[in-house]
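Q: A predicted structure for the sequence below; I have some questions about it.
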Number of protein chains: 2
Amino acid sequence: MPILPVIFAGGDEGAWRVRSIAAVVGSSLPAVERLAIFEGVRVAPAAATWALAGVVGHERYVGAREHNELAACSPSLGRPAATRAALITIRKSEAWWALAQDERREILEEQSGHIAIGLKYLPAVARRLHHCRDLGEPFDFLTWFEFAPEDAEGFGELVAMLRATEEWDFVDREVEIGLER
Amino acid sequence: MPILPVIFAGGDEGAWRVRSIAAVVGSSLPAVERLAIFEGVRVAPAAATWALAGVVGHERYVGAREHNELAACSPSLGRPAATRAALITIRKSEAWWALAQDERREILEEQSGHIAIGLKYLPAVARRLHHCRDLGEPFDFLTWFEFAPEDAEGFGELVAMLRATEEWDFVDREVEIGLER
């Protein structure tokens, strides 16, 4: 899978109207009216109030069996009925990144059930993960969710379940941006 | 561990004199006289003939026990006797990146013994790994080695052993730059 760089730009333009911006942990992002998404580029538009960069790339924790389970029920982005979306931006603590790969995997899945929780809400809640730690960005992950208005409650359950996990003890900044188009 | 961005710049300047540049797999890099290393920056110097960017960050495959074994015998960079160095730049194939985390780990260590091979040549051959796949660079990894002239043979054995592994079947570009200061 080739790397896909993506820019999320908050400002006055973009296909998505911002319904809410809420700091879950740590400081928020400046209020904006709209969110635009640019794929295949690494440079933010000059007019944006803020811009966050990430890359869609290889999977970092998912095993082969989990990959196949996820792939079998993951819808593509851009479904006509999916008029709601959320961008949740996440930074994890230095304590998380100092852990070895097997320790991080143990917390993420064996203790927290992160992959299993996401699977429970597929195909209703489509997702795409963008990595940004290596890019020197303010967040480590930009997580994108798309769903129909009638699945908004399920989406709320999904994020509440994740936030209750041991993995989330390592989240030291999180902002949730609610969107509609 | 905070991210440390690093630029390796080939050109007329730098602490390291280039002894050789050899394409191991795929195309080489342009010939240069010297190599300069800039830590903590992401922008290449304008005068460089070429520049490669990477980040030192969290470990991607090493488990906790392996981490402790490596840490116990890894020397720091910059030892006065370590007047030889090598920069080996590596790109892996799309087939590699399409594998799940557990499949990549299985090939890297259980089949290829990558971590164990590196351990065998510590502390003689100091190493530092720089990740660059997410940065959209021409290589996925910039691997740096420092050693005394009397350990050059051991260094040669180390890279020969790695190149004979199953993991190396997934390397689709590799350039080795021999250096001294």
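A: Structure received. Numbering: from 1, shown residues only, chains lettered A, B, ... in the order given.
Q: flag every buried residue along stretch A:112-120.
A: By 16 or more other C-beta atoms under 10 Å in any protein chain shown, the buried positions in stretch A:112-120 come out as A:112-115, A:117-118. The way it works is simple: take the backbone N, C-alpha and C, and place the C-beta from them, glycine included.
Q: any idea how many residues pack against the closest residue in space to residue A:147 that isn't next to it in sequence?
A: The shortest distance from residue A:147 to any residue other than its chain neighbours is 4.7 Å, reached at residue A:125 (C-beta to C-beta, 6 or more residues apart in numbering or on different chains). By other C-beta atoms under 10 Å in any protein chain shown, the residues close to residue A:125 number 24.
Q: go on, residue A:78?
A: 8.
Q: tell me which element it falls in.
A: Using DSSP states H and E, residue A:78 is not contained in any helix or strand.
Q: quick one: it from chain B, how far?
A: Going from residue A:78 to chain B by C-beta to the nearest C-beta, to the nearest Å gives 23 Å.
Q: report the contact partners of the closest residue to that residue other than its chain neighbours.
A: For residue A:78, ignoring the flanking residues on the chain, the nearest one in space by C-beta to C-beta, 6+ apart is residue A:146 at 7.6 Å. Neighbour list for residue A:146: A:77-79, A:82, A:84-85, A:125-127 [criterion: C-beta atoms under 8 Å, 6 or more residues apart in numbering or on different chains].
Q: which of these has the most neighbours?
A: Highest count within the contacts of residue A:146 by other C-beta under 10 Å belongs to residue A:125, 24 neighbours.
Q: measure that one to residue A:71 for me?
A: Separation of residue A:125 from residue A:71 (C-beta to C-beta, to the nearest Å): 16 Å.
Q: how about residue A:60?
A: Residue A:60 is 16 Å from residue A:71, by C-beta to C-beta.
Q: neighbour count winner among the two?
A: Using other C-beta under 10 Å as the criterion, residue A:60 and residue A:71 rank with residue A:60 on top: 16 against 9.
Q: could you list the buried residues of the biggest helix by length in chain A?
A: Counting by DSSP state H, the longest helix found in chain A is helix A:152-163. For helix A:152-163, the neighbour count (16+ other C-beta under 10 Å) marks A:152, A:155, A:158-159, A:161-162 as buried.
Q: what is the mean pLDDT for that helix?
A: Mean per-residue pLDDT for helix A:152-163: 98.
Q: give me the contacts around that helix.
A: For helix A:152-163, using C-beta under 8 Å, 6+ apart, the contacting residues are A:24, A:84, A:86, A:88, A:112, A:114, A:117-118, A:120-121, A:124-125, A:145, A:147, A:168, A:171, A:176.
Q: tell me which of those residues fall in helices.
A: Under the assignment DSSP H, those contribute A:114, A:117-118, A:120 to helices.
Q: is it true that residue A:84 touches residue A:144?
A: No - counting by C-beta atoms under 8 Å, residue A:84 stays clear of residue A:144, with 11.9 Å between them.
Q: partner strands of whichever strand or helix holds residue A:173, with direction?
A: Assigned by DSSP H and E, residue A:173 falls within strand A:171-180. In its sheet, strand A:171-180 lies beside strand A:16-25 (antiparallel), strand A:84-92 (antiparallel), with partners assigned from DSSP bridges.
Q: that older thread, can I get the ones in helices among the contacts of helix A:152-163 in JSON lines including pLDDT and distance to chain B?
A: Formatted as JSON lines, the ones in helices among the contacts of helix A:152-163 follow (pLDDT from 0 to 100; distance: C-beta to the nearest C-beta, whole Å):
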{"residue": "A:114", "pLDDT": "95", "distance to chain B": "13"}
{"residue": "A:117", "pLDDT": "96", "distance to chain B": "18"}
{"residue": "A:118", "pLDDT": "93", "distance to chain B": "15"}
{"residue": "A:120", "pLDDT": "95", "distance to chain B": "20"}
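Q: among those, which two are most distant?
A: A:114 and A:120 (11.1 Å; C-beta to C-beta).
Q: what's across from the residue at minimal distance from the centre of chain A in the sheet?
A: Nearest to the mean C-alpha position of chain A, counting by C-alpha atoms, centre = their mean, stands residue A:143 at 0.6 Å. Going by DSSP bridges, residue A:143 is paired in beta bridges with residue A:88, residue A:129.
Q: wait, it touches residue A:131, no?
A: No - using C-beta under 8 Å, residue A:143 is not in contact with residue A:131, being 10.3 Å away.
Q: what does chain A put close to chain B?
A: Residues of chain A lying close to chain B by C-beta under 8 Å from any C-beta of the partner chain are A:1-3, A:5, A:42, A:55, A:57-64, A:66-67, A:94, A:97-103, A:105, A:131-136.
Q: on that earlier part again, distance check, the residue nearest to residue A:78 against residue A:124.
A: 10 Å.
Q: ok, now which ones touch the residue nearest to the centre of chain A?
A: Counting by C-beta under 8 Å, 6+ apart, residue A:143 has contacts A:87-90, A:127-130.
Q: dump those residues into JSON lines; add pLDDT as well.
A: Listed next are the contacts of residue A:143 as JSON lines, based on pLDDT from 0 to 100:
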{"residue": "A:87", "pLDDT": "98"}
{"residue": "A:88", "pLDDT": "98"}
{"residue": "A:89", "pLDDT": "98"}
{"residue": "A:90", "pLDDT": "98"}
{"residue": "A:127", "pLDDT": "96"}
{"residue": "A:128", "pLDDT": "97"}
{"residue": "A:129", "pLDDT": "97"}
{"residue": "A:130", "pLDDT": "98"}
